[in-house]
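J.: predicted structure and sequence below. I'll ask about it afterward.
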Amino acid sequence: MNIEELRDYCMAKKGVTDSFPFDDKALVFKVMNKMFCITNVENYTGFSAKCDPQRAIELREKYPHGILPGWHLNKQHWNSVRTDEGVPEDLLYELVDHSYDLIVSSLPKKVQRELAEMT
């Protein structure tokens with residue numbers, strides 16, 4: 001997965017926007033204004049995504065070079081995923097989906113309904 005594929009995949013999801021809220025390198029993807037994925041556009045090696053804490057531990061054990069605690073993020077809830085370190089491509093997409101789904105499920109019910117009504 002290259003950076004263009006990551007961006008296209010994230011942006012195809014309902015309610016997603018992208019921006020550079022921190023600096024001109026950190027591209028952030030948000031669903032309904034809540035961050036679910038972040039990447040470095042200057043030195044792309046992968047992305048960071050939210051993850052269920054227990055699953056995060058399991059993934060880090062299985063892919064010790066490819067999935068690491070989130071860089072500059074809450075290390076319990078975020079993973080930094082290296083796309084060049086043997087993580088299967090289908091898992092890369094699944095981790096983006098998992099992060100998106102975690103954020104959507106944490107949104108207030110009213111916001112979830114707004115998201116569901118989007119086309």
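T.: Noted; the coordinates are in hand. Residues are numbered from 1 along each chain as shown.

J.: for the chain, which spans come out with low pLDDT?
T.: Along the chain, no part satisfies pLDDT under 70.

J.: residue ranges of the helices in it, please?
T.: 3-11, 53-62, 89-106, 109-117 (DSSP state H).

J.: so which of these is nearest F20?
T.: Among the helices of the chain, helix 3-11 comes nearest to F20, with 12.5 Å by Cβ to Cβ. For the C-beta atoms, the positions are set from N, CA and C on the backbone; glycine is no exception.

J.: now for the closest residue to V87 other than its chain neighbours, how many residues are close by?
T.: In space, and not counting its chain neighbours, V87 is closest to G66: 4.0 Å by Cβ to Cβ, 6 or more residues apart in numbering. Look at G66: counted by other Cβ atoms under 10 Å, it has 21 neighbours.

J.: same question, Y9
T.: For Y9, using other Cβ under 10 Å, the count is 18.

J.: A49 versus that one, what's the distance?
T.: 12 Å (Cβ to Cβ, to the nearest Å).

J.: who touches both of the two?
T.: Residues touching both Y9 and A49 by Cβ atoms under 8 Å, 6 or more residues apart in numbering: V96.

J.: quick check, the residue nearest to V87 in contact with E85.
T.: Yes: counting by Cβ atoms under 8 Å, G66 does reach E85; the two are 3.6 Å apart.
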